[in-house]
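Novice: Sequence first, predicted model second:
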Amino acid sequence: MAATILESLAIPCSRPGLSTTATSGRSAAAPLATLSQFKGLRASPSRQIAASARSTARSRFVRRRDVVCEVQGQEAAISVPDVTKSTWQSMVLESDLPVLVEFWASWCGPCRMIDPVVGKLSKEYEGKLRFYKLNTDENPDIATQYGIRSIPTMIIFKNGEKKDAVIGAVPESTLVSCIDKFV
């Protein structure tokens with residue numbers, strides 16, 4: 001069944017060598033593009049896996065790629081603005097509202113997990129709290145200044161001072177309880 005679903009998502013293309021027919025073992029009249037070319041999906045490295053044959057009592061091995069769907073809900077569409085070394089003073093330290101800064105990096109899995117939560121909270125606390133993201137790879141001096149040793153780290157600033165910090169990909173309720181102390 002999975003093979004049928006994957007084949008139904010295959011994209012016809014004219015480039016040679018791109019075929020997803022290994023999943024079903026059937027040959028195709030035209031080459032097919034791999035699903036990794038479809039934006040929003042990524043393919044993990046190929047490996048041997050067991051796939052059930054027509055008979056449930058008998059299995060065969062086929063070579064295929066595991067496809068991971070990276071579809072996210074509507075809350076993922078809410079983007080938190082970036083802050084940099086050049087905008088740090090004006091956007092964070094001189095803000096008239098409390099500020100939550102998410103220290104993150106593009107390669108960090110837990111950072112990607114908590115990003116939609118921070119985006120959702122930025123919408124809920126609009127007008128009461130400002131939310132920004134600081135990429136620690138691009139701005140290491142600010143991360144060092146505030147003692148960031150682990151990411152993701154969320155720090156709440158009020159009147160230019162660090163008030164509280166939450167380290168790690170924590171549940172939304174943990175962030176909410178921390179935020180509510182300063183709003």
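Specialist: Sure, I can see it.
Novice: I114 touches C108, doesn't it?
Specialist: No: contact criterion C-beta atoms under 8 Å: I114 and C108 do not qualify, at 9.5 Å. Yep, even glycine has a C-beta here, placed from its N, CA and C like the rest.
Novice: Need the residues touching each of the two.
Specialist: Counting by C-beta atoms under 8 Å, 6 or more residues apart in numbering, the shared contacts of I114 and C108 are P152.
Novice: higher neighbour count, the two?
Specialist: Each of I114 and C108 had its neighbours counted (other C-beta atoms under 10 Å), and the higher figure belongs to I114 (22 against 19).
Novice: Which elements pack onto the helix or strand hosting that one?
Specialist: In this structure, I114 sits in helix 109-124 according to DSSP states H and E. Using 3 or more C-beta pairs under 8 Å, 6 or more residues apart in numbering; DSSP states H and E as the contact criterion, the elements in contact with helix 109-124 are strand 99-104, strand 130-135, helix 172-180.
Novice: any idea which of the ones you listed is most buried?
Specialist: strand 99-104 (a mean of 24; mean count of other C-beta atoms under 10 Å).
Novice: Low-confidence ranges, this structure, go.
Specialist: Applying pLDDT under 70 to the chain flags the ranges 1-77.
Novice: what's the neighbour count on G127?
Specialist: Neighbour count for G127, taken as other C-beta under 10 Å: 6.
Novice: And the closest residue in space to it that isn't next to it in sequence, how far from V166?
Specialist: In this structure, G127 finds its nearest non-sequential neighbour in L97, 7.9 Å apart by C-beta to C-beta, 6 or more residues apart in numbering. According to C-beta to C-beta, to the nearest Å, L97 stands 18 Å off from V166.
Novice: again, but for S90
Specialist: For S90 relative to V166 (C-beta to C-beta), the value is 24 Å.
Novice: Same drill for these two, tell me which one is more crowded.
Specialist: When neighbours are counted by other C-beta under 10 Å, V166 comes out ahead of the other of S90 and V166, with 19 against 10.
Novice: After the helix or strand hosting D141, heading C-terminal, what element do we hit next?
Specialist: When elements are assigned from DSSP H and E, D141 belongs to helix 140-145. Per DSSP H and E, helix 140-145 leads on to strand 153-158 as the next helix or strand towards the C-terminus.
Novice: Please identify the buried residues of that following strand?
Specialist: With burial defined by 16 or more other C-beta atoms under 10 Å, the residues of strand 153-158 counted as buried are T153, M154, I155, I156, F157, K158.
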